[in-house]
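Chemist: Structure, please.
(one chain, ligands or ions: 1)
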Amino acid sequence: MIIAIDGPSGAGKSTLGRMIARALHLLYIDTGAMYRAAALAVIRAGVSTTDEGAVADVVARADINLAGDPDSLQVMLNGRDVSEEIRTEEVSHSSSVISTIPEVRRTLVNRQREMGNRASGVVLDGRDIGTVVFPQADIKFFLTAATEERAARRYEEERVKERDATFEATLADINTRDRRDSTRDDSPLRIADDAIVIDSTKLSIDEVFERMMAVIRERNMDAREGINS
Ligand code: DC
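Modeler: As a prediction, this is how the structure comes out:
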C-alpha cells in the first residue's frame, strides 16, 4: 500500500504522515527531510545554490538515508545523523531553492522510489508524491490550511524550541516558499486529480487523523470487496 500526502509547508503533513505510518505499521518517508539533507550537503560543500551543475553533483554524491521508526526518524547524511541541523532557517531556504533544479529532483525522486518500492507499505509526504513520485499511489491526500494558520503553527514550533523568530518573519517565509514550490517548472506543488483534499484550518490534528483513517478504511474495504466479488 502506498499513501501519498502532499501539501504546502506547515499543513501538518509530517505529523499526520507519522501518525498514519505508526497506526498501520508502514514505513514513513519524509521527502522534505531528504531535500533538506541535500541542501545541507550543498552548504557544507561551500557551493552556491545558484550554481546548478555543482549543486546537482554534490547531491548526486551525497548519501541520504532515513533510519528508525516514524516517531524517532533519523535523517542521515553520509552516515551521520543530521536530523537537528536540517531544521534551521538557512537549510529551509536552501532546500526550497535547490528543489527547483531538475537534476536534483531526479536524484532524490529515484531514491524515494527505491526506498518506497522496497517496503511492503509506505507513507510518503512531500510536494510531488501523488503527481510525480508515485502517481499510482493507492490513496492520495492533499493537506492544506490557511496561510496565517500554517504560519501560526510554525511560529509556535519555533517558540517552543526557543528559537529567535517573529510571526511576521515566519509568515513571510511561508509565503516565499509556497510561491517558489508552486511556481517552479519541474514538479510544482499541485493537487493530483484523484487526491482527497483536507483543509485543516479549523480542525485539530486528531480530527484530521480520523478523517484520513476513515478514507483509508473505506478504500481498503472497497479493495477487499473487489477481491471477493
Ligand atoms: O516539507 P519541507 O518543508 O521539509 O520541505 C523542504 C523543501 O523541500 C520545500 O520548500 C520544498 C522541497 N520539497 C520538494 O520540492 N518536494 C518534496 N517532495 C518535498 C520537499
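Chemist: Quick one: name the residues of the chain near the ligand.
Modeler: For the chain, the residues in contact with the ligand (Cβ under 6 Å from any ligand atom) are 9, 31-33, 35-36, 95-96, 99, 126-128, 177, 181. In this view, the C-beta of every residue, glycine as well, is placed from N, C-alpha and C.
Chemist: Next SSE downstream of whichever strand or helix holds M34?
Modeler: Using DSSP states H and E, the element containing M34 is helix 31-45. The first helix or strand that comes after helix 31-45 along the chain, using DSSP H and E, is helix 52-61.
Chemist: Please produce TSV containing the residues of the chain next to the ligand, extended by neighbour count and pLDDT.
Modeler: Listed next are the residues of the chain next to the ligand as TSV, based on neighbours: other Cβ atoms under 10 Å; pLDDT from 0 to 100:
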residue	neighbour count	pLDDT
S9	22	91
T31	27	98
G32	20	97
A33	23	97
Y35	25	98
R36	27	98
S95	24	96
S96	24	93
S99	26	96
G126	30	97
R127	25	96
D128	24	97
R177	20	90
D181	20	92
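Chemist: So what touches the helix holding M34?
Modeler: The contact list for helix 31-45, computed with Cβ atoms under 8 Å, 6 or more residues apart in numbering, reads 13-14, 49, 54-55, 58-59, 62, 64, 66, 73, 75-78, 82-83, 85-87, 90-92, 94-95, 97-99, 104, 107-108, 111-112, 124-127, 129, 133.
Chemist: In strands, which of those appear?
Modeler: Secondary structure assignment (DSSP state E) places 64, 66, 75-77, 124-126 from the contacts of helix 31-45 within strands.
Chemist: which one among the residues you listed gets closest to A165?
Modeler: Distance to A165 across those (Cβ to Cβ) is lowest for V75, with 21.5 Å.
Chemist: Is the closest one bridged to anything, and to what?
Modeler: Beta-bridge partners for V75, by DSSP bridges, are L66.
Chemist: Make sure it is actually in contact with S83.
Modeler: Yes: using Cβ atoms under 8 Å, V75 is in contact with S83, at 4.7 Å.
Chemist: In terms of neighbours, single out the busier of these two.
Modeler: When V75 and S83 are compared for neighbours, V75 comes out ahead with 24 against 18, by other Cβ atoms under 10 Å.
Chemist: so how many other residues sit close to S120?
Modeler: Neighbour tally, S120, other Cβ under 10 Å: 8.
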